[in-house]
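Asks: Sequence first, predicted model second:
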Amino acid sequence: MNLRPEAIQDLSLGIDKIEFNARFSGIPMRIVIPVPAVLAIYARENGKGMVFEDEDVPPSTSNPSGKEKALDKPSRPVLKIVK
């Protein structure tokens, strides 16, 4: 989910959940996201961020800390024309 400051209101970043108000197709909604559901976070301005390991998956051998991995830049989606 890409969240722009102009698109949300009443952002609350808590230990257990992230909450904010937003509109989808003109319908106002209160969004509540449990923190364990967040897989990654990055800044659109510079592409820097981090990916969080899933707690149900054992840590990989390439990341001995098992907590987080740094991201250099997110990959962009690839689109192709299907006729």
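Replies: That came in fine, so what should we check first?
Asks: quick one: what helix or strand has the closest residue to L11 other than its chain neighbours in it?
Replies: Computed as Cβ to Cβ, 6 or more residues apart in numbering, the closest residue to L11 that is not its neighbour in sequence is F20, at 4.5 Å. (C-beta placed from N, C-alpha, C; glycine too.) In the assignment (DSSP states H and E), F20 maps to strand 17-24.
Asks: what ranges do the strands span in the chain?
Replies: With strands called from DSSP state E, the chain shows them at 9-13, 17-24, 27-34, 40-42, 49-52, 68-71.
Asks: Mind putting the ones you listed into CSV with distance to M1 and mean pLDDT?
Replies: Formatted as CSV, the strands of the chain follow (distance: least, Cβ to Cβ, whole Å; pLDDT from 0 to 100):
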stretch, distance to M1, mean pLDDT
strand 9-13, 13, 91
strand 17-24, 10, 92
strand 27-34, 8, 92
strand 40-42, 11, 86
strand 49-52, 14, 86
strand 68-71, 16, 52
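Asks: Any idea which of those gets closest to N2?
Replies: strand 40-42 (10.1 Å; Cβ to Cβ).
Asks: I figured V32 hits A22, correct?
Replies: No - V32 is not in contact with A22 according to Cβ atoms under 8 Å; the separation is 11.3 Å.
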